[in-house]
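*Asks:* sequence and predicted structure, then a few things I'm wondering about:
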Amino acid sequence: MKAPIAIHHRPGSFSDRWIEFCRDHAIPHVVVNAYWTDIIDRLRGASAFLWHIAHGLPADMLMGRHVLEAAEQMGLVVFPNYSTRWHFDDKIAQKYLLEAAGAPIVPTNVFFDLHTALAWIDKAQFPKVFKLRRGSGSRNVRLVRTAAEARALARRAFGRGYKPAGAVLDSITAWKITKAKREGRLIDFLRVAPARLRHRLTMNLLMGRERGYVYFQDFMPNNEHDTRVTVIGQRAFAFMRRVRSGDFRASGSGQIIYDRERIDMRCVRTAFDVALRLGTQSLAFDFVYDEQRQPRIVEVSFGYAPGPVHDCNGFWDTELNWHEGALWPEEAILHDLIAGISAGSGQDRA
């Protein structure tokens, strides 16, 4: 491979290990800044372009997809490709995508006018789960126990709306302080708290309020944990996350169970099947059980923390054979991308 791989570097993102891997294996690469106004010209001559866009960076969400789309139009192999990224951090898009793929999604209703939303609420059975289309780690997610509460949420959704990053002080709640203390990182947590507050203020300012829609998912009771399955090419990594104490949410709890004997292989099979149908390079699936104990997909994302995936200490292939040994997801992504370049495959949209 003579033409270099272009990598947008953001410390703390997938790019750290992408760059390290390329250096260690003498793979031609160049570090670029995707925010350069002449980034398209700078990508000419590259074989690929990698950019771990982040939902918490307003600039990434504003123009990341456009730059990656342009790079694909130039013939570059990119990560994330179109099928992997177009629905990123958009639960409304994921609803339609998963329904179109015939995936077993948690039943979801979304409305784009108040009158229709209120009419549905009058007939709905509660509780439901209210969500904004943006956010991760259970941010912007709440349990709605009554129709009256749902009406209030809907009226606000079609009025002043919601801050996409949540209330500023949500970043330093008592639960998060307790979690940091339990994990032995309370001092570090408090040290970065001012920066977290500033970041959340900036996000809410630049991203604008979420309004003009209201989104409800059915509540799936009696789940003590969810199951996260991350599919990267022909590999599936899986672990479970305990539900927070006194809560119904598992995402963001940090209470991870690495026990592959307890993983429901129906989740792994479903994740492989849906990822293949969608044509994604890397996608994390969150599963819970419905009242018949059937796995249902809550949401998906290509943006996830790599550490827990690595700590699975192995993965299943598409034949459900187990391969022992830790693997960083960033390296798995890069392996697949280099293989695609070497095969001259390019990337057709799924």
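*Replies:* Arrived safely.
*Asks:* so Ala284, which state does it fall into?
*Replies:* Classification of Ala284 using DSSP: H, G, I helix; E, B strand; the rest coil returns strand.
*Asks:* how much space separates it from Leu132?
*Replies:* According to C-beta to C-beta, to the nearest Å, Ala284 stands 19 Å off from Leu132. Just so you know, the C-beta spots here come from the backbone N, C-alpha and C atoms, and that holds for glycine as well.
*Asks:* among the two, which residue is more densely surrounded?
*Replies:* Leu132 (24 against 21; other C-beta atoms under 10 Å).
*Asks:* tell me the contacts of that one?
*Replies:* 91, 140, 162, 164, 210, 215 (C-beta atoms under 8 Å, 6 or more residues apart in numbering).
*Asks:* what helix or strand is the fourth one located in?
*Replies:* With secondary structure defined by DSSP states H and E, Pro164 is part of neither a helix nor a strand.
*Asks:* my read is that it contacts Glu210, right?
*Replies:* Yes - between Pro164 and Glu210 there is a contact under C-beta atoms under 8 Å: 5.3 Å.
*Asks:* find residues that contact each of those two.
*Replies:* In contact with both Pro164 and Glu210: 132, 134, 140, using C-beta under 8 Å, 6+ apart.
*Asks:* coming back round to it: out of the contacts of Leu132, which is nearest to Asp226?
*Replies:* Within the contacts of Leu132, the smallest distance to Asp226 is 15.4 Å, found for Lys91 (C-beta to C-beta).
*Asks:* which pLDDT value goes with that closest one?
*Replies:* Note on Lys91: pLDDT of 96.
*Asks:* nearest spatial neighbour of it, skipping sequence neighbours?
*Replies:* Nearest non-adjacent residue to Lys91, counting by C-beta to C-beta, 6 or more residues apart in numbering: Arg133, 4.6 Å away.
*Asks:* would you mind measuring from the one you found to Val31?
*Replies:* Distance, Arg133 to Val31, using C-beta to C-beta: 32 Å.
*Asks:* and those two? which has more neighbours close in?
*Replies:* Neighbour totals were compared for Arg133 and Val31, and Arg133 leads with 17 against 13 (other C-beta under 10 Å).
*Asks:* what sits against the more buried one?
*Replies:* Arg133 touches 89-93, 210, 213, 215, counting by C-beta under 8 Å, 6+ apart.
*Asks:* in TSV, list those along with distance to Ala101, neighbour count and secondary structure.
*Replies:* Shown next, in TSV, are the contacts of Arg133 (distance: C-beta to C-beta, whole Å; neighbours: other C-beta atoms under 10 Å; DSSP: H, G, I helix; E, B strand; the rest coil):
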residue	distance to Ala101	neighbour count	secondary structure
Asp89	19	22	coil
Asp90	16	17	coil
Lys91	15	22	helix
Ile92	15	17	helix
Ala93	12	13	helix
Glu210	25	18	strand
Tyr213	22	17	coil
Tyr215	19	22	strand
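*Asks:* which one of those is nearest Ala100?
*Replies:* Ala93 (10.7 Å).
*Asks:* check what pLDDT Thr178 gets.
*Replies:* 66.
*Asks:* let me redo that: Gly346
*Replies:* 42.
*Asks:* quick one: low-confidence parts of the stretch 151-300 of the chain?
*Replies:* Along the stretch 151-300 of the chain, segments meeting pLDDT under 70 span 166-179, 181, 196, 199, 204, 245-247, 249-253.
*Asks:* how is this protein divided into domains?
*Replies:* Using automatic domain parsing, the domain parsing of the chain gives 5-79, 91-218, 225-339.
*Asks:* CSV for these, including distance to Arg85?
*Replies:* Converted to CSV, those look like this (distance: least, C-beta to C-beta, whole Å):
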stretch, distance to Arg85
domain 5-79, 6
domain 91-218, 11
domain 225-339, 6
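*Asks:* returning to what we had before: can I get the shared contacts of Pro164 and Glu210 in a markdown table with secondary structure?
*Replies:* Formatted as a markdown table, the shared contacts of Pro164 and Glu210 follow (three-state DSSP):
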| residue | secondary structure |
| --- | --- |
| Leu132 | coil |
| Arg134 | coil |
| Asn140 | coil |
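*Asks:* farthest pair within the contacts of Arg133?
*Replies:* Asp89 and Tyr213 (14.8 Å).
*Asks:* touching stretch 302-314 from outside, list them.
*Replies:* Residues contacting stretch 302-314 (C-beta under 8 Å, 6+ apart): 14, 17, 52-55, 80, 84-85, 88-89, 136, 228, 230, 237-239, 256, 258, 260, 280-284, 322-330.
*Asks:* out of those, which are buried?
*Replies:* By neighbour count, with 16 or more other C-beta atoms under 10 Å, the contacts of stretch 302-314 hold 14, 17, 52-55, 80, 84-85, 88-89, 136, 228, 230, 237-239, 256, 260, 280-284, 327-330 as buried.
*Asks:* so of those, which ones are in strands?
*Replies:* Among those, the residues falling in strands (DSSP state E) are 228, 230, 237-239, 256, 282-284.
*Asks:* which one of these is nearest to Met63?
*Replies:* Ser282 (21.3 Å).
*Asks:* quick one: contacts for the closest one?
*Replies:* 79-80, 84, 230-233, 302, 329, 332-333.
*Asks:* same list, the residues you listed, but as a markdown table with distance to Arg156 please.
*Replies:* Below are the contacts of Ser282 laid out as a markdown table (distance: C-beta to C-beta, whole Å):
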| residue | distance to Arg156 |
| --- | --- |
| Phe79 | 37 |
| Pro80 | 33 |
| Thr84 | 33 |
| Thr230 | 34 |
| Val231 | 36 |
| Ile232 | 39 |
| Gly233 | 42 |
| Phe302 | 30 |
| Pro329 | 38 |
| Ala332 | 42 |
| Ile333 | 39 |
